[in-house]
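Colleague: what would the 3D arrangement of this be:
(chains A and B)
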Amino acid sequence: MDFDKFDKDLKDNIKEKYGEVPDSVNKRIDDVLNSLDKKNHENNGLNRNINKKKRKITLKRIAIACGAIIVMAGAGITTTAIAKDIPIKDVIYEILGMDNENTEYADAVGQVKEKNGIKVTIVSTVFDGYVLKTTYRIESEKKISDMEFMESCKIKGTLGTGAGGGRSEAISDNEVVGVFEWSFDEAQYNVVKGLEPLKNEKIEFSIRQHEVLSNSEIGGPIESWNFIIPVSSIKMEKDIKTYKVNKKFQGAQIKEILVTPTDIRIFGVTDKGIPEVKLKDKNGTVTEIGGSQMDNAGSGKFIFRMDFENKFKDLKELEIINVEGKNESIKIKLEE
Amino acid sequence: MEEVRLIDISMDKNEDKDESKDKAVNLKEKDDFEDDEILAINGDREAFVRIINKNRLSLYKVAKGMLKDDHKVEDAIANTILKAYESVGKLRHSEYFKTWLIRILINECNALLKKETKVIYLENNKADVGKLDEYEDIDLIRAINKLDDDLKEVVILYYFQDMSQKDIGETLKLNDKTVKTKLFRARKKLYEILR
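Modeller: Residues are numbered from 1 along each chain as shown, chains lettered A, B, ... in the order given. As a prediction, the model looks like this:
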């Protein structure tokens, strides 16, 4: 049997017969695409809505803490903090509920750009070589709390390939603060060389204002504020610990564990999927997985990275527990 | 262990070798497309629509290869677009957009096939027999539908989508050897049916 000829004939046959999308299918696709605004509204699907959800969570936190009207409470925190000469980055971390201990790792940026009466300040960056957290502040004389702002990030001239996340909060009608998190693929795990974090880089960071359509849906970008920001992992570096592991668990080869003051990242290789796991320390403190990513490494292998919030103190041993099936686990001593 | 250069890997994604001639010509278009993927992930509806429009034929070919009934093909594509739109914000790797989209479509097709199997069981196969004449290219479709589900997916991506074995591995989360074996088995079976 001539497989090559068989393949070619079959592919040619398929190309000829299925070379065009029938009108009925095209019409159905058109109908679905035209209905997307409505669907998006119903389903809360996009990042914009995730941001809104996060805002709600933050607002809830503030409301519980202060027992007062939400907007007033948010504005109050800001005013008080600024009056006491607390740096704006602390204000941002405080309002967004981030651990204040970690603000020492932030690099002040302080770049400001103003367009159409809206001033955007890039306040600070926190970078562990893998995930960049950029904090910003948007201010205006006009009401901006109901405007939609989105962020994007470029490094070495190319758009970041990892999706960003983060939180934003309107602390008054005229002021919005936010933290944008971005994961850089280029900084991922190399099977041979191990960790290759980015150290000192310049990134292009952009905040875009998007049109808000009549049904509260988002339209295209109408204005953008672009910045070139130096980012460095030097402040974090001294407190980052990397542990060689090389242990098999649930079909994956765990190669290294990176412990930063804010996160724990587990790197490894698999030919299946990433196991569903959580982490536990000797004191019983548990942290759930925050995110994971996998890239093809060739020869049927995939490299993966799992990210967890670092909730542990003086971590000496880490238990990785499979949350599926029989809760199998592996204990790993963290020795440099 | 072999050395892996991640940047090279990312450049290879979704690019068949025999398409290399078109790469330079389409570079500008490719950049725009990748920008669209980033924008779509960040909530830009228009960018999402542009990506779907660019992938209409791919979506159709995969669905048509897996499903016999044209109405089900439409349903599978429609459900895929809606599900993709709902969860696009969770996609972490923009360069996998098309792979991710096709994976959703394959899941949708499999879900519809499961329903179809139940209907056929209840109606004692009568419905299926009665509809056979409505389908064009029945020999090919029937041959593919005689394959086991796992072989069918590999065949659809290889023959209908013209994907490389490496990209099939990425889409179906299989290693290269498994893809090769499945393709060999599927090809042999198809040959037996179609000859």
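Colleague: please save the CA atoms from stretch A:24-34 in CSV.
Modeller: Taking Å, rounded to 0.1, in the frame of the first residue of the first chain, the C-alpha atoms of stretch A:24-34 are listed here in CSV:
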residue,chain,number,x,y,z
SER,A,24,-26.2,27.7,5.6
VAL,A,25,-23.2,27.2,7.8
ASN,A,26,-22.0,30.7,7.1
LYS,A,27,-25.4,32.2,7.9
ARG,A,28,-25.5,30.3,11.2
ILE,A,29,-22.0,31.5,12.1
ASP,A,30,-23.0,35.1,11.2
ASP,A,31,-26.1,34.8,13.5
VAL,A,32,-24.0,33.5,16.4
LEU,A,33,-21.4,36.3,15.9
ASN,A,34,-24.1,38.9,15.8
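Colleague: contact partners of that stretch?
Modeller: A:21, B:49, B:52-53, B:56, B:59-60, B:70, B:73-74, B:77-78, B:81-82 (Cβ atoms under 8 Å, 6 or more residues apart in numbering or on different chains). In this view, the C-beta of every residue, glycine as well, is placed from N, C-alpha and C.
Colleague: now do the buried residues in it.
Modeller: Neighbour counts over stretch A:24-34 (16 or more other Cβ atoms under 10 Å in any protein chain shown) mark A:25, A:28-29, A:32-33 as buried.
Colleague: now stretch A:238-248
Modeller: Using 16+ other Cβ under 10 Å as the test for burial, stretch A:238-248 gives A:240, A:242-243, A:245.
Colleague: same check, this time on stretch A:139-148
Modeller: Applying a neighbour-count criterion of 16+ other Cβ under 10 Å, the buried positions in stretch A:139-148 are A:139-140, A:144-145, A:147-148.
Colleague: could I get those as TSV with pLDDT?
Modeller: Formatted as TSV, these follow (pLDDT from 0 to 100):
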residue	pLDDT
A:Glu139	93
A:Ser140	95
A:Ile144	91
A:Ser145	86
A:Met147	86
A:Glu148	81
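Colleague: which of those residues sits closest to A:Gln253?
Modeller: Distance to A:Gln253 across the buried residues of stretch A:139-148 (Cβ to Cβ) is lowest for A:Glu148, with 43.2 Å.
Colleague: what secondary structure does the nearest residue to the closest one once chain neighbours are set aside sit in?
Modeller: Nearest residue to A:Glu148, sequence neighbours excluded (Cβ to Cβ, 6 or more residues apart in numbering or on different chains): A:His210, at 4.4 Å. Using DSSP: H, G, I helix; E, B strand; the rest coil, the structure places A:His210 in strand.
Colleague: so how many other residues sit close to A:His210?
Modeller: When counting by other Cβ atoms under 10 Å in any protein chain shown, one arrives at 21 neighbours for A:His210.
Colleague: and the pLDDT for it?
Modeller: Per-residue pLDDT puts A:His210 at 79.
Colleague: and it, what are its bridge partners?
Modeller: Beta-bridge pairing for A:His210 (DSSP bridges): A:Glu148, A:Pro221.
Colleague: that one contacts A:Phe149, correct?
Modeller: Yes: the criterion here is Cβ atoms under 8 Å, and A:His210 meets it with A:Phe149 at 7.4 Å.
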